[in-house]
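J.: return atomic coordinates for the entry below.
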Amino acid sequence: MKSYLFTTETDRGGVMLCEIDDFDTAVDYLCNRFDGVVKIESAEQVWQLSEADKPASVPSISESHPDDPAAGAAVGHVERESSADLFA
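T.: Numbers count the residues shown, from 1 in each chain. Okay, here's the model as predicted:
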């Protein structure tokens, strides 16, 4: 059983555990199975999509609405305090 860590163009991804031992076969499988795979890692082996093959980046909100002063405003982040120990 081998594990392959993959990342997509949207910085998402996951880990695939499977019986595929050959790294190149796993790369082919993951790229066909999931949309936008740009990087795959397994132990010491790394595959990464070349810069020329990467899709054009999606413009940021401020780039797509340059005249809107609110477009570049930061979105707030709220952290919750945990009062209970989840592992007790």
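J.: roughly how far does the nearest residue to residue 1 once chain neighbours are set aside sit from residue 33?
T.: In this structure, residue 1 finds its nearest non-sequential neighbour in residue 17, 5.8 Å apart by CB to CB, 6 or more residues apart in numbering. All C-beta atoms are positioned from the backbone trio N, CA, C, and that covers glycine. Counting by CB to CB, to the nearest Å, the separation of residue 17 from residue 33 is 14 Å.
J.: circling back: identify the residues contacting the residue nearest to residue 1.
T.: 1, 2, 3 (CB atoms under 8 Å, 6 or more residues apart in numbering).
J.: save those residues as JSON lines, and put in secondary structure, neighbour count and pLDDT too.
T.: Shown next, in JSON lines, are these (DSSP: H, G, I helix; E, B strand; the rest coil; neighbours: other CB atoms under 10 Å; pLDDT from 0 to 100):
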{"residue": "1", "secondary structure": "coil", "neighbour count": "7", "pLDDT": "91"}
{"residue": "2", "secondary structure": "strand", "neighbour count": "14", "pLDDT": "95"}
{"residue": "3", "secondary structure": "strand", "neighbour count": "12", "pLDDT": "97"}
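J.: what is the nearest of these to residue 29?
T.: residue 2 (11.7 Å; CB to CB).
J.: which residues does that closest one bridge with?
T.: Residue 2 has these beta-bridge partners by DSSP bridges: residue 18.
J.: wait, doesn't it sit right on residue 20?
T.: Yes - the criterion here is CB atoms under 8 Å, and residue 2 meets it with residue 20 at 6.6 Å.
J.: what do the two both touch?
T.: Residues touching both residue 2 and residue 20 by CB under 8 Å, 6+ apart: residue 26.
J.: low-confidence regions, the protein specifically.
T.: The model of the chain has pLDDT under 70 over residues 54-88.
J.: which stretches of this structure form helices?
T.: Secondary structure of the chain (DSSP state H): helices at 23-33, 61-64.
J.: now those helices as TSV including mean neighbour count and distance to residue 44?
T.: Shown next, in TSV, are the helices of the chain (neighbours: other CB atoms under 10 Å; distance: least, CB to CB, whole Å):
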stretch	mean neighbour count	distance to residue 44
helix 23-33	15	10
helix 61-64	12	38
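J.: quick one, which of these is nearest to residue 48?
T.: Taking the helices of the chain one by one with CB to CB, helix 23-33 is closest: 10.1 Å.
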